[in-house]
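> test case, fold it:
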Amino acid sequence: MVSESALRSDAPLASRAQLAEQLRQLGVREGATLLLHMSYRAVRSVAAGPATVIKALGDALGPEGTLVMPSWGDDDDAPFDPTRTPVSPDLGVTAELFRRFPGVLRSNHPFAFAALGPAADEITRDPLPVPPHRLESPVGRVLELGGQILLLGVGHDANTTVHLAEVLARVPYAVPKHCTVLEQGRPVRVDYQENDHCCQRFALVDQWLRERGLQREGQVGAAHARLVESRDLVAVVQEQLARDPLVFLHPSEHGCAECDQARRSVRRE
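Numbers count the residues shown, from 1 in each chain. This next block holds a predicted model:
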């Protein structure tokens with residue numbers, strides 16, 4: 001039996017032009033603001049690696065478009081420095097490469113996103129947002145700008161805009177978190193409450209969007225891609241949360257520690 005890795009090694013390398021055309025066919029709009037969550041491992045093999053993916057996205061968006069990627073670190077106890085703090089390994093090699101691209105702006109707080117394009121300053125200039133994915137945050141600014149969300153080789157469990165929809169729907173759960181910022185050159189711990197859980201049930205969003213024809217799907221490189229308007233996503237998720245505010249939490253009997261912690265936080269009247 002031939003392994004998947006062997007098949008991929010024999011496959012032709014995807015070029016910048018091919019990726020850009022696939023992105024256009026998927027529905028990426030020229031001049032749009034595009035929030036990207038991706039796994040390069042799913043996209044490869046690509047000629048010249050992750051930089052080619054970033055450049056192809058720029059080609060599809062054109063000079064008036066803005067590309068946005070998550071860019072936070074992975075140490076809540078270390079002060080965040082937008083010029084030096086590495087991107088969390090969970091976000092992948094492309095996000096780390098992107099934050100170092102010429103012209104990219106990065107948020108000046110631990111819940112950072114990075115952006116390149118005309119709307120980059122507007123997206124990244126807000127002060128520390130608490131909770132992290134509120135309206136006055138990069139994901140909120142993408143929503144306000146009528147942006148698109150591209151999931152490239154990942155599912156909605158990686159989609160931070162679903163957390164924004166939770167905030168706007170005022171879900172009843174919130175768990176304690178902390179981060180560290182610099183104030184007058186000294187590290188200061190900031191404690192806050194966040195609408196967090198395991199996020200596995202964000203996979204439900206696929207069905208909700210597909211039923212309404214609001215999610216375009218296709219192939220980019222070797223990856224399965226999902227493209228949705230940020231406003232459509234938020235509207236559909238808010239509607240579902242109005243019906244069941246706990247729909248994203250695993251049932252108690254599932255044994256999910258993160259969802260159980262979120263359930264325990266719900267106030268009982």
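
> who are the packing partners of the host helix or strand of Tyr192?
If you go by DSSP states H and E, Tyr192 is part of strand 186-194. Packing partners of strand 186-194 (3 or more Cβ pairs under 8 Å, 6 or more residues apart in numbering; DSSP states H and E): strand 175-183. In short, each C-beta sits where N, CA and C put it, glycine included.

> and the contacts of the strand it packs on?
76-81, 109-111, 128, 187-194, 196-197, 261-262, 265 (Cβ atoms under 8 Å, 6 or more residues apart in numbering).

> now do 6 Å
76-77, 79, 110, 187-192, 194, 196, 261-262, 265 (Cβ atoms under 6 Å, 6 or more residues apart in numbering).

> drop anything exposed from these.
Buried members of the contacts of strand 175-183, counted by 16 or more other Cβ atoms under 10 Å: Pro79, Pro110, Glu194, Asp196, Gln261, Ala262, Ser265.

> for Gln240, state which of those is nearest.
Ala262 (16.6 Å; Cβ to Cβ).

> relative to Leu249, how far out is that closest one?
Remark: distance between Ala262 and Leu249 (Cβ to Cβ, to the nearest Å) = 6 Å.

> list the buried residues of the helix or strand following the strand holding Tyr192.
Sequence order places helix 204-211 as the next helix or strand after strand 186-194, per DSSP H and E. Using 16+ other Cβ under 10 Å as the test for burial, helix 204-211 gives Val205, Asp206, Trp208, Leu209.

> what about the closest residue to the third one other than its chain neighbours, helix or strand, and which?
This means Trp208. Nearest in space to Trp208, with sequence neighbours left out and distances taken as Cβ to Cβ, 6 or more residues apart in numbering, is Val236 at 5.1 Å. Taking DSSP H and E as the definition, Val236 sits inside helix 230-243.

> and that helix, what does it pack against?
With contacts defined as 3 or more Cβ pairs under 6 Å, 6 or more residues apart in numbering; DSSP states H and E, helix 230-243 has these neighbours: helix 161-169.

> report the angle between the axes of the helix it packs on and strand 186-194?
Interaxial angle, helix 161-169 versus strand 186-194 (axes from the mean of the first three to the mean of the last three Cα atoms, to 10 degrees): 70 degrees.

> state the mean pLDDT of helix 161-169.
The pLDDT scores in helix 161-169 average 98.

> got the angle between it and helix 204-211?
Counting by the same axes, to 10 degrees, helix 161-169 lies at 90 degrees to helix 204-211.

> buried residues, helix 161-169. List them.
Neighbour-count burial for helix 161-169 [16+ other Cβ under 10 Å]: Thr161, Val162, His163, Leu164, Ala165, Glu166, Val167, Leu168, Ala169.

> distance of the residue lying closest to the fifth one once chain neighbours are set aside from Ser252?
Computed as Cβ to Cβ, 6+ apart, the closest residue to Ala165 that is not its neighbour in sequence is Val237, at 3.7 Å. Val237 sits 23 Å away from Ser252, taking Cβ to Cβ as the criterion.
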